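Chemist: Prediction below, plus the sequence it came from.
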2 protein chains.
Amino acid sequence: MTGTPLFERMALIGIGLIGSSLALAARQRGLVKEISISTRSPETLARAEELGLGDRYELDAATAVEGADLVILCVPVGANAAVAKWIAPALKKGAILTDVGSTKGSVVDQVSPHVPEGVHFVPGHPIAGTEQSGPDAGFPTLFEDRWCILTPPEGTDPDAIEKLSTFWRGCGSDVDRMDPNHHDLVLAIVSHLPHLIAYNIVGTADDLETVTKSEVIKYSASGFRDFTRLAASDPTMWRDVCLNNKDAILEMLARFSEDLSALQRAIRWGDGQTLFDLFTRTRGIRRSIIEAGQETDAPDFGRHGKGNPDGPAE
Amino acid sequence: MTGTPLFERMALIGIGLIGSSLALAARQRGLVKEISISTRSPETLARAEELGLGDRYELDAATAVEGADLVILCVPVGANAAVAKWIAPALKKGAILTDVGSTKGSVVDQVSPHVPEGVHFVPGHPIAGTEQSGPDAGFPTLFEDRWCILTPPEGTDPDAIEKLSTFWRGCGSDVDRMDPNHHDLVLAIVSHLPHLIAYNIVGTADDLETVTKSEVIKYSASGFRDFTRLAASDPTMWRDVCLNNKDAILEMLARFSEDLSALQRAIRWGDGQTLFDLFTRTRGIRRSIIEAGQETDAPDFGRHGKGNPDGPAE
């Protein structure tokens, strides 16, 4: 990135994993001239300042967005409406307002009514994250080689969409556009259901009387530990996702449960062929994900290779 | 490892991920003097020879175990009985016979009847693996800092148990002893259910009409890709596990489904508190697994840190 920054002042409302990663990425790549940060917790705001994530720190979100030409809501999706209402009167004419929420239909419904005339609302969702949260969790390469999905309502200014796309590309992402409801259906299967399943199995294991928690922990390398990563994600964020993408999630859960019942039946009746066929066709998908650059091809996510000269070639 | 090897000749029947890793680990650490390898596929046997995994290569498993004082069955659990019957007449008096199968009750039932007088049968299960299979997948550090569970039947010679334990410790593992049926219950929750759930969700995603396969692949970094690792595991091995640990797996599946129904109900009725409570209590388990040395503490399994100077500290 050379020359003039894309935006004069970026305001980040919320400074968790995504907000802090955006601050670091935008700064490092010279995408914005000034960064204004707001979050409702004084402790978190103080920590953001200690980490030097921005230039201005405001407990009042409305003050934070004053004069900003890019405003990004980085709060759990359930908080978007209240924040939008709060900052609306202070938004600068011509500013781009966007968000990073994991559901888009609800965001469009809840935020749009508050957006003032002359402000360009372009909802967005970067498909990136880790299981960690808070301002310390951020890092500037989080968005590299990941997708960012924009779901602008019909009639949105094409220049605003293009400028926001340039911003995300500047952060290292590829940009896609999608209808908000289709986004919610896609994310229900690729993200929301996986998280729910992970939370659920970790809960099931935690409740057992016949197997101790110490046994679950000791022998977790045989598969279980993979699920604990997603199940360590931010509870507030995920509660809000469930409450705001109910229909699509219930639809995907129903399909998953149906398939699981069929699998259960195959096990009960010793139907080895059905099991073998399912276990064979699922292999190809991982290969495709690796080829698409969305996954490491190192065995075991590269866990064994880490700092280990005897690990497999990567 | 210094001085005399523990065993004069180790015979490996089956040379997939576990067999080849054992060959490399035992060689590197001087645990055995000679390695004899057998597998039923001529191509796989030729590949093992190309890789230099052993000293002798035999298509006939009975020939491979001649003169061996340690015989390790490294085949899918469904094949154990046939292999045991085949090699039984050729087993050397005083030899230790063990296996690496993921189920133990069925192995004890199916292998024990074939074990000749004077041969020490000590069933075992190293809790280690990756999603890859075949002789090229092996690496010598696979068992380091992992557990190996032995399930010797009552009356087994304590010296044989101790000698096999020393072998596994030599490979870098900690050794536990357990009743075979309890082993099968523990593994049903920490390993078998996670694999089934992973296979199932990948199958569900693959079947959707409303979301394309290309979308599932592109946006998989939002959670789904984690499951594809387990769902890329060896289909024959996992078919056999399902067929040989039916009762424990069905019990765990039933509990998981019950819990999932409760979760589904909480989503349908917008019960945010129930969701928040579950999503909060599951966080602690990952922390315990990391503290027990069974998982990396790098965010996202360390995927972001790989070769990336801007990645988070690890």
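Modeler: Looks like it arrived, so ask away. As the structure is a computational prediction, the values presented were derived from the model and not from experiment.
Chemist: Show me where chain A has its helices.
Modeler: Along chain A, counting by DSSP state H, helices occupy A:17-28, A:42-50, A:61-65, A:80-87, A:105-111, A:158-170, A:180-187, A:193-207, A:213-218, A:224-230, A:235-244, A:246-268, A:272-281, A:283-291.
Chemist: can you count the residues close to the residue in the stretch 1-150 of chain A that chain B sits nearest to?
Modeler: Closest residue of the stretch 1-150 of chain A to chain B, Cβ to the nearest Cβ: A:Thr130 (3.7 Å). The way it works is simple: take the backbone N, C-alpha and C, and place the C-beta from them, glycine included. Neighbours of A:Thr130 under the rule other Cβ atoms under 10 Å in any protein chain shown: 21.
Chemist: Then A:Thr166?
Modeler: For A:Thr166, the count of nearby residues is 12 (other Cβ under 10 Å).
Chemist: nearest residue to it other than its sequence neighbours?
Modeler: A:Leu6 (6.1 Å; Cβ to Cβ, 6 or more residues apart in numbering or on different chains).
Chemist: My read is that that neighbour contacts A:Ser165, right?
Modeler: No. In this structure A:Leu6 lies outside contact range of A:Ser165 using Cβ atoms under 8 Å: 10.6 Å.
Chemist: Contacts only, for the residue lying closest to A:Glu58 once chain neighbours are set aside.
Modeler: Residue nearest to A:Glu58 in three dimensions, not counting chain neighbours: A:Ala64, with 4.0 Å by Cβ to Cβ, 6+ apart. By Cβ atoms under 8 Å, 6 or more residues apart in numbering or on different chains, the contact list for A:Ala64 reads A:Ala11, A:Leu12, A:Ile13, A:Ser36, A:Ile37, A:Ser38, A:Arg56, A:Glu58, A:Ile87.
Chemist: go on, A:Ala95?
Modeler: Counting by Cβ under 8 Å, 6+ apart, A:Ala95 makes contact with A:Val65, A:Ala68, A:Asp69, A:Leu70, A:Val71, A:Val119, A:His120.
Chemist: May I have the phi/psi pair for the third one?
Modeler: This means A:Asp69. phi -100, psi 0 (degrees, to the nearest 10).
Chemist: Enumerate the residues of the stretch 1-150 of chain A near chain B.
Modeler: Within the stretch 1-150 of chain A, the positions near chain B by Cβ under 8 Å from any Cβ of the partner chain are A:28, A:102, A:127-132, A:137, A:139-142, A:146-147, A:149.
Chemist: Could you give me the ChimeraX syntax to select whichever of those residues are buried?
Modeler: Selection of buried members from the residues of the stretch 1-150 of chain A next to chain B for ChimeraX, criterion 16 or more other Cβ atoms under 10 Å in any protein chain shown:
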select /A:102,127,128,129,130,131,132,137,139,140,141,142,146,147,149
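Chemist: Chain neighbours aside, what residue packs nearest to A:Ala26?
Modeler: Leaving aside its sequence neighbours, A:Ala26 sits nearest to A:Val32 (Cβ to Cβ, 6+ apart; 4.7 Å).
Chemist: Quick check: the gap between the one you found and A:Val65.
Modeler: According to Cβ to Cβ, to the nearest Å, A:Val32 stands 14 Å off from A:Val65.
Chemist: try A:Pro158
Modeler: 23 Å.
Chemist: Please identify which of the two sits among more neighbours.
Modeler: Here A:Pro158 and A:Val65 are compared on neighbour count by other Cβ under 10 Å; more neighbours surround A:Val65, at 28 against 9.
Chemist: out of everything not next to it in sequence, what's closest to A:Val175?
Modeler: A:Val175 sits nearest to A:Ser165 (Cβ to Cβ, 6+ apart), 4.4 Å away.
Chemist: And for the closest residue to A:His195 other than its chain neighbours, the neighbour number?
Modeler: Spatially, and ignoring its direct neighbours in sequence, A:His195 is nearest to A:Leu230 (5.1 Å; Cβ to Cβ, 6+ apart). A:Leu230 has 25 neighbours, counted by other Cβ under 10 Å.
Chemist: Also the one 3 residues further on?
Modeler: Number of residues near A:Ser233 (other Cβ under 10 Å) recorded here: 23.
Chemist: you'd agree it is up against A:Glu131?
Modeler: Yes. Using Cβ under 8 Å, A:Ser233 is in contact with A:Glu131, at 5.1 Å.
Chemist: picking that back up, give the contact list for the residue nearest to A:Thr166.
Modeler: A:Leu31, A:Val32, A:Leu70, A:Lys163, A:Thr166, A:Phe167, A:Gly170.
Chemist: now these: which count as buried?
Modeler: A:Leu31, A:Val32, A:Leu70, A:Lys163, A:Phe167, A:Gly170.
Chemist: Redo those residues as CSV? Include distance to A:Val115 and pLDDT.
Modeler: Below are those laid out as CSV (distance: Cβ to Cβ, whole Å; pLDDT from 0 to 100):
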residue, distance to A:Val115, pLDDT
A:Leu31, 23, 98
A:Val32, 21, 98
A:Leu70, 14, 98
A:Lys163, 17, 98
A:Phe167, 19, 98
A:Gly170, 24, 98
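Chemist: Would you format those residues as TSV with distance to A:Leu97 included?
Modeler: TSV is the format used below for those (distance: Cβ to Cβ, whole Å):
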residue	distance to A:Leu97
A:Leu31	17
A:Val32	15
A:Leu70	8
A:Lys163	12
A:Phe167	13
A:Gly170	18
